[in-house]
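Visitor: no FASTA, just this:
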């Protein structure tokens, strides 16, 4: 549906025409003969002709013409429109078929109007037919094959979706190189008791439209996630999201609701463009470069502090004083914020969602249709300038000859220490060295005595020292929980396992069982949320990064929030070429 302007115009005109008919032509159907008055009216209708600008016909014939036309319109075309609006054409082939069906149906309506209707009415139906015809001829055509040799470095969700979209746009020589033995990056899942458990990317909100459309194309089902809860250490009680929003006692519920509405207004109007995932971070509003803590004060949104502690701190995105407000606005755009609040307050039961078979399964479905090379370690990359015969040469460990490409997309964390294989320019080196990250550790445990839910903690366990742990227990009947911990530098994985045990000692019994870790099953330590500090953001960091697009045949996608914020990790190849 993206950018299908003619198709959208046709659907809009179609619905407007239906509403106009229902309002103004309620009597435009054959009149049943049930009494003497009706018989007299029927005789007059069949006897006396009515002159239209399109020809001579009786009123009876005209009304039957109305009936035939609207039958085609209401029964067929409107149902097709409902299918499009609710299901949405998830692929070019399906979209083309639906559009072609609309063309045929509207052509049938136009024939009926030519036989029975007046010239203005014929022109109206012809006008509605035009956008569907133009959409079929222009908007759903298969892209022309493009033989540009493109290498995508990294098979995380950014790399996979970049390659997938490029392939859909007609690029036939797209290769993905990945050092790991699986495709998915931070979208990693493990299986226990026959169920998948995500060790990385997990939930999706209403703004994840691109992800959900791709999932529909690939046949990856999703389900509604378990509701979030908060454990209050002071009262030793589990709180729902609504109660947790005022758990600190600093703000009342009306204050929280008012601040939430203010934020909703900001992402709906002044920051609407920037909050969209596809717009990246360049040309951001200047005020969003400031630390999140200062921005909340400036915009009088401090009543959201407890909610944002869950959204930002708990999910591993650091601290309010060293994270720019831009990252929050990018992650929590209009639809994401609205779905988060409505689900948290118990008003909506549709969000958040998770993939039924796990995030890794979703990535594997993407990779299945691509040319992905796993276990591929890059030794060095040599890039040329201008129109060189071999613009990008990639040397692979164990391979005698380099791979040659015309373009390269870097879909790896852009921290300089991880790009030792790249022949970086001074400008690239200066930018990439500014990236930093957090250590975010996911630990899968066999547990008892814990309720199901996405459980956070307020007050946070001294998050400045990295002493925070929450957990996700997705299934009520499966004794497995995934703990997530924001770790301080130097904290080891065994330290975190001990910390999880300590945290559970403070929690009361649940269903007669003492909370306890029975067995540690899996643990993954991520270099998480690559970002730059507020002063670098204010200095135009992302505009400088955007200026590197295409330099030496290289396209570094603007870093976006990873892991939970899957949609904002979505690169937009169509904007690069």
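Guide: Yep, it's here. Fair warning: this is a prediction, and the values are worked out from it, not measured in the lab.

Visitor: And for residue 172, the neighbour number?
Guide: 12 (other Cβ atoms under 10 Å). Every residue, glycine included, has its C-beta placed from N, CA and C.

Visitor: Which helix or which strand is home to residue 409?
Guide: Assigned by DSSP states H and E, residue 409 belongs to strand 407-410.

Visitor: what does residue 148 give?
Guide: For residue 148, the element it lies in under DSSP H and E is strand 146-153.

Visitor: just residue 6 next, same as before
Guide: In this structure, residue 6 is located in helix 5-24 according to DSSP H and E.

Visitor: now swap in residue 450 and tell me
Guide: Going by DSSP H and E, residue 450 is not in any helix or strand.

Visitor: Pretty sure it sits against residue 473.
Guide: Yes. Between residue 450 and residue 473 there is a contact under Cβ atoms under 8 Å: 5.6 Å.

Visitor: who touches both of those two?
Guide: Common contact partners of residue 450 and residue 473 (Cβ atoms under 8 Å, 6 or more residues apart in numbering): residue 481.

Visitor: For the strand holding residue 409, name the packing helices and strands.
Guide: Other helices and strands packing on strand 407-410, by 3 or more Cβ pairs under 8 Å, 6 or more residues apart in numbering; DSSP states H and E, are strand 146-153, strand 392-396, strand 554-555.

Visitor: Would you reformat the ones you listed as CSV and include distance to residue 383, mean pLDDT and mean neighbour count?
Guide: Formatted as CSV, those follow (distance: least, Cβ to Cβ, whole Å; pLDDT from 0 to 100; neighbours: other Cβ atoms under 10 Å):
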stretch, distance to residue 383, mean pLDDT, mean neighbour count
strand 146-153, 11, 94, 20
strand 392-396, 5, 96, 18
strand 554-555, 6, 92, 22
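
Visitor: Turn those strands into a markdown table, including distance to residue 363.
Guide: Formatted as a markdown table, these follow (distance: least, Cβ to Cβ, whole Å):
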| stretch | distance to residue 363 |
| --- | --- |
| strand 146-153 | 13 |
| strand 392-396 | 22 |
| strand 554-555 | 21 |
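
Visitor: Could you say which one of those comes nearest to residue 477?
Guide: Of all the helices and strands packed on strand 407-410, strand 146-153 sits nearest to residue 477, with 40.3 Å by Cβ to Cβ.

Visitor: circling back: and the next element down the chain from the strand holding residue 409?
Guide: Sequence order places helix 426-432 as the next helix or strand after strand 407-410, per DSSP H and E.

Visitor: Give the other helices and strands that that following helix contacts.
Guide: Helices and strands touching helix 426-432, by 3+ Cβ pairs under 8 Å, 6+ apart, are helix 541-547.

Visitor: try it again with 6 Å
Guide: Helices and strands touching helix 426-432, by 3 or more Cβ pairs under 6 Å, 6 or more residues apart in numbering; DSSP states H and E: there are none.

Visitor: Could I get the buried residue list for it?
Guide: 428, 431-432 (16 or more other Cβ atoms under 10 Å).

Visitor: wait, what's in contact with residue 222?
Guide: Residue 222 sits next to 353, 355 when contact means Cβ atoms under 6 Å, 6 or more residues apart in numbering.

Visitor: can you tell me how far it sits from residue 356?
Guide: 6 Å (Cβ to Cβ, to the nearest Å).

Visitor: Same check on residue 228?
Guide: Residue 228 is 19 Å from residue 356, by Cβ to Cβ.

Visitor: In terms of helices and strands, where is the nearest residue to residue 438 once chain neighbours are set aside?
Guide: Ranked by Cβ to Cβ, 6 or more residues apart in numbering and with sequence neighbours excluded, the top spatial neighbour of residue 438 is residue 528, at 5.0 Å. For residue 528, the element it lies in under DSSP H and E is strand 516-531.

Visitor: partners of that strand, with directions?
Guide: As defined by DSSP bridges, the strand partners of strand 516-531 come to strand 436-448 (antiparallel).

Visitor: contacting residues around the partner strand?
Guide: With contact meaning Cβ under 6 Å, 6+ apart, strand 436-448 is reached by 197, 199, 316, 318, 479, 481-487, 496, 513, 516-530.

Visitor: again, but for stretch 520-530
Guide: Among residues not part of stretch 520-530, those counted as contacts by Cβ under 6 Å, 6+ apart are 190, 199, 316-317, 413, 435, 437-438, 440-445, 493, 497, 559.

Visitor: just the buried members of these?
Guide: By neighbour count, with 16+ other Cβ under 10 Å, the contacts of stretch 520-530 hold 190, 199, 316-317, 413, 435, 437-438, 440-445, 497, 559 as buried.

Visitor: for stretch 300-311, which positions count as buried?
Guide: Of the residues in stretch 300-311, 301, 303-311 count as buried by neighbour count, 16+ other Cβ under 10 Å.
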